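Engineer: My questions concern the predicted model and sequence given below.
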Amino acid sequence: MKVAVLGAGAMGSVYGARLARAGADVTLLDVNAAHVDAVNRDGLHIALDEGAAVLPMRAMAPKAFTGPVDLILLFTKVFHTDAALSAIADQIGDAWILSLQNGVGNADRIAAHVDRAKIMIGMTMTPAEFLGPGRVASHGAATTDFYTAEGQADPMLEQVANLLQAGGVTARITPEIHAAIWEKATFNCALNPLCALSNGTPGGVGASPEGRVLADAVVREAIAVAHACGVAASRAHVDELLAHAYAHHLMHEPSMLQDLNARRRTEIDALNGAVVALAERHAIPVPTNQMIVRLISLAEANARFRAAHETHA
Ligand SMILES: NC(=O)C1=CN([C@@H]2O[C@H](COP(=O)(O)OP(=O)(O)OC[C@H]3O[C@@H](n4cnc5c(N)ncnc54)[C@H](OP(=O)(O)O)[C@@H]3O)[C@@H](O)[C@H]2O)C=CC1
Ligand SMILES: CC(C)(CO)C(=O)C(=O)O
């Protein structure tokens, strides 16, 4: 299978490497020129639970990409989806798009660029870190669930699942994908900002009574919103995801903490921000999620202020 990974940072590089190991013909597409150059020059340095390796991989800027490919694995941050798909619009052709990005609303963002019938969406519990140009790491057991956005069965589901599994990903074809995505997003709404705001990790939040009380309030509100939207997300399943992260992702820095530390924009709008926006539509009170959106927005604003102040000092 020919695969392009659009957005080859932490997650894109890890999944790209796993697909290449499974025998796919993989091209990494990323706007980070230092990363693209390092991968082409020195190979991708990847640290996984099964060991560290240096893999020769092909990488390039999206504007240099020429199709056709069978699959485009979309792993930009959600607020870069539009720019990333626009940059390769002429090369997408008949390719399937698979998004395992965090947050809700990914199918709608992608459907602005391609036929909805060629979109697969999903969620992954895989933790990954970008260590520097050409270097990524991923540690901790995890599952990846996906399905077609429109809910139709398609042989491509099996082909992608087989490829991911051959590369060491615990991939599952999950017809109730919208519930699974909401459950994962609810998990992220609790864990990502709580770790980001407290400079903490899942292990630390889980070990703290305050962490658990706050996570519980976020989850209760988000599940009520999912149900009001007609999505049968399961509170029990979110609790299982949290318990798994508290126990197995002890020292992982969630992507939102990595973003704040690097003074990058966070995905708060697609997580707690989306919960707040949908709650307003359904007149559901979500005070904890609202407060979290404000605190993360303040942290982002402070990071921008510091950057501007330091530059001009
Ligand atoms: N990290 C994790 O543990 C997990 C992350 N996720 C989700 O996966 C997605 C990706 O996260 P993650 O890998 O951590 O993010 P990263 O920031 O590490 O990677 C995203 C990459 O996309 C690049 N990019 C930005 N704009 C474009 C563009 N227009 N075209 C192509 N590439 C572009 C970025 O470059 P630059 O840095 O220069 O902007 C960066 O290299 C997010 O939705 C995240 O929530 C899900 C589960 C776990
Ligand atoms: C790895 C995980 C599941 C958080 O533990 C995640 O989704 C993130 O870091 O954004």
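Structural biologist: Sure, I can see it. Numbering: from 1, shown residues only. Ligands and ions are numbered 1, 2, ... in the order given.

Engineer: Point out the residues in the stretch 151-300 of the chain that sit beside ligand 1.
Structural biologist: Within the stretch 151-300 of the chain, the positions near ligand 1 by C-beta under 6 Å from any ligand atom are 255, 267. C-beta: built from backbone N, CA, C; applies to glycine.

Engineer: rerun at 8 Å
Structural biologist: The interface of the stretch 151-300 of the chain toward ligand 1, taken as C-beta under 8 Å from any ligand atom, is made up of 188, 192, 252, 254-256, 258-259, 264, 267, 270.

Engineer: For the protein, which residue gets nearest to ligand 1?
Structural biologist: Distances from the chain to ligand 1, computed as C-beta to the nearest ligand atom, single out Gly9 as the nearest residue at 1.9 Å.

Engineer: rewinding a little: so can I have JSON lines of the residues of the stretch 151-300 of the chain next to ligand 1 showing neighbour count, secondary structure and pLDDT?
Structural biologist: Formatted as JSON lines, these follow (neighbours: other C-beta atoms under 10 Å; DSSP: H, G, I helix; E, B strand; the rest coil; pLDDT from 0 to 100):
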{"residue": "Asn188", "neighbour count": "25", "secondary structure": "helix", "pLDDT": "98"}
{"residue": "Asn192", "neighbour count": "28", "secondary structure": "helix", "pLDDT": "97"}
{"residue": "His252", "neighbour count": "22", "secondary structure": "coil", "pLDDT": "87"}
{"residue": "Pro254", "neighbour count": "22", "secondary structure": "coil", "pLDDT": "93"}
{"residue": "Ser255", "neighbour count": "24", "secondary structure": "helix", "pLDDT": "91"}
{"residue": "Met256", "neighbour count": "24", "secondary structure": "helix", "pLDDT": "95"}
{"residue": "Gln258", "neighbour count": "20", "secondary structure": "helix", "pLDDT": "91"}
{"residue": "Asp259", "neighbour count": "22", "secondary structure": "helix", "pLDDT": "94"}
{"residue": "Arg264", "neighbour count": "14", "secondary structure": "coil", "pLDDT": "93"}
{"residue": "Glu267", "neighbour count": "23", "secondary structure": "coil", "pLDDT": "98"}
{"residue": "Ala270", "neighbour count": "23", "secondary structure": "helix", "pLDDT": "98"}
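
Engineer: Farthest-apart pair in these, please.
Structural biologist: His252 and Ala270 (19.7 Å; C-beta to C-beta).

Engineer: Can you add distance to Thr170 and give the residues of the stretch 151-300 of the chain next to ligand 1 back as CSV?
Structural biologist: Formatted as CSV, those follow (distance: C-beta to C-beta, whole Å):
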residue, distance to Thr170
Asn188, 19
Asn192, 21
His252, 17
Pro254, 20
Ser255, 20
Met256, 24
Gln258, 23
Asp259, 26
Arg264, 29
Glu267, 24
Ala270, 24
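
Engineer: just the residues you listed that are near ligand 2?
Structural biologist: On the criterion C-beta under 8 Å from any ligand atom, 188, 192, 252, 254-256, 258, 267 are the entries of these that sit beside ligand 2.

Engineer: Show me which of those is closest to Arg235.
Structural biologist: Asn188 (15.2 Å).

Engineer: can you tell me which residues contact that closest one?
Structural biologist: Residues counted as contacts of Asn188 (C-beta atoms under 8 Å, 6 or more residues apart in numbering) are 102-103, 254, 256, 271.

Engineer: Closest one of those to Ala171?
Structural biologist: Using C-beta to C-beta, Asn102 is the member of the contacts of Asn188 that lies nearest Ala171, at 17.2 Å.

Engineer: With that, I have no additional questions.
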